[in-house]
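**Q** Take a look and give me a structure for this.
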Amino acid sequence: MARSKYVLPFIAFVAVGMAIGWSRSLLGFGLLFQLAFIWRLEEFSGTNNHWENDKESALLRLGFECDYLKSIARPHLEISTVVDPETGESIKSKVRTSSGMFLSSKDRQIPIIKAIEKRIAVFSQIPTENGESIQVLRYETNQYYTPHHDYFSDAFNLKNGGQRVATMLMYLNDVDEGGETIFPQAGSGECSCGGNKVKGLCMKPRKGNAILFWSMGLDGQSDPNSLHGACPIVKGEKWSATKWLRQGAIS
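**A** Got it, this is the predicted structure:
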């Protein structure tokens, strides 16, 4: 069945990063040991085959990794923006009330981050060089992102890498209440979105889970059914990491 007619959220076993207590300028002895341990596992495991039949190790690893991304992002969070469809520039908007940051080119050279991006490329079958930098987001109580499309409607953002083909959305923590990812045009049932019943498909954030969905169909056209949003947080906070994947390589 053609991908273009359906939003396809997949719960994926995607590794994300690691360790509590990281900062960009200071590493403690304990953290160095943990990094060395995880990196050595990366070295021997290739694309995660080492843990293929060891669920406990995989879950432990995912927990460290999720905490790692949260810790490197926390000191650098800024109010999230949206793309202005007329200018292609990033602007603040009431439709998106989270805070976030993008990993830098230096961050992307860290072995753990490189391993994350490699696994995303393997799972999505889209080359690593076609991926934008990972964006880490935090949603606090009552914060949300109204339903939107990830593909661009302006010419400016298509110049480097072309259109966004797919999105990998990774959950970095469990949310007490609310914070679901809503796909309003997927399915014919109802689901809970921020405590309210709505039409569509809602994905509850679970630490270590991820969703891959496509913004472009097999016909090469942008898919309006990929409409999605972040439901309001009712209790607690939500951390996620997003990687957008393009048609071509990004310079």
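
**Q** I figured residue 85 hits residue 156, correct?
**A** No - contact between residue 85 and residue 156 fails when scored by C-beta atoms under 8 Å: they sit 9.8 Å apart. Every residue, glycine included, has its C-beta placed from N, CA and C.

**Q** Neighbour count for the two, which is higher?
**A** Neighbours were counted for residue 85 and for residue 156 using other C-beta atoms under 10 Å; residue 156 has more, 14 against 11.

**Q** Next one: that one, what pLDDT does it get?
**A** pLDDT, residue 156: 90.

**Q** you'd agree it is up against residue 87?
**A** Yes - if you go by C-beta under 8 Å, residue 156 and residue 87 touch, sitting 7.0 Å apart.

**Q** Against residue 193, how distant is residue 138?
**A** The gap separating residue 138 from residue 193 is 19 Å, by C-beta to C-beta, to the nearest Å.

**Q** In the chain, where is pLDDT below threshold?
**A** For the chain, residues meeting the criterion pLDDT under 70 lie at 1-57.

**Q** how far out from the middle of the chain is the helix ranked longest in it?
**A** When the chain is parsed with DSSP state H, its longest helix is helix 55-73. Centre-to-centre, helix 55-73 and its host chain are 14 Å apart (C-alpha atoms, centre = their mean, to the nearest Å).

**Q** Next secondary structure after it?
**A** strand 78-79 (DSSP states H and E).

**Q** where's the next helix-or-strand element following that next one relative to the chain centroid, distance-wise?
**A** Downstream of strand 78-79, the first helix or strand assigned by DSSP H and E is strand 82-83. Relative to its chain's centre, strand 82-83 lies at 17 Å (C-alpha atoms, centre = their mean).

**Q** Make 353 the starting number, not 1.
**A** Got it, the first residue is 353 from now on, which makes the last one we talked about strand 434-435.
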